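Asks: Here is a sequence with its predicted model. Questions after.
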Amino acid sequence: MTLKLSDEMVAALRATAARDDVTVGQLVRDALARELRRRNTPKRDVRTDEALLAPVRSLLAPDLARATGWADLAQRLAQFGFALKPAGGGLIVVRLPDGWRVCKASELGHGHLDLARRFGGPFPGHSQSATILSRLGNRTAGPSNRPGKRQP
């Protein structure tokens, strides 16, 4: 196998290999092995400790169930010192004001897609809005929750 590398990259590889007392070939093989492991290792599912989750669930459950839209939900969570924030394709609950991750919204029984169905569109400004809209079939619940309309 032949690799085409810039003169600068070859010089950096040689310097690094010399510093690490390995061959350039070994350095490249190790780097490729690390990258392949990283790409082929599934992400670990970060689950919140149930001892923390239970009190948060019981505190927020009534307001999560009663919220009528994204803005209403944001107000309800804020009164308890929490907020929703996009994370990957879903949402996480964070503590205000420091933004410390508390749990996934789905761990409280209210995943992004479920809330989007209720509120007529994805979380405002979410990077995965198009994906959520396609899963919703572009159906919206009401005029105040149109996906293109950003709510505070």
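Replies: Right, received. Where do you want to start?

Asks: make it CA atoms for all contacts and neighbour counts henceforth
Replies: OK.

Asks: And the helices in the chain?
Replies: Using DSSP state H, the helices of the chain run over residues 7-20, 24-40, 50-66, 70-78, 112-119, 129-136.

Asks: closest one to residue 102 among those?
Replies: Within the helices of the chain, the stretch nearest residue 102 is helix 50-66; the backing value is 8.1 Å (CA to CA).

Asks: Give me the distance from the closest one to the chain's centre.
Replies: 20 Å (CA atoms, centre = their mean, to the nearest Å).

Asks: quick one: that helix to helix 112-119, angle?
Replies: If you take axes from the mean of the first three to the mean of the last three CA atoms, to 10 degrees, helix 50-66 sits at 20 degrees to helix 112-119.

Asks: Pull the residues that contact helix 50-66.
Replies: The contact list for helix 50-66 (CA atoms under 8 Å, 6 or more residues apart in numbering) reads 73, 76, 77, 103, 107, 108, 110.

Asks: Next one: the residue nearest the centre of the chain relative to residue 19, how far apart?
Replies: In the chain, the C-alpha nearest the mean C-alpha coordinate belongs to residue 87, at 2.0 Å (CA atoms, centre = their mean). The spacing between residue 87 and residue 19, counted by CA to CA, to the nearest Å, is 39 Å.
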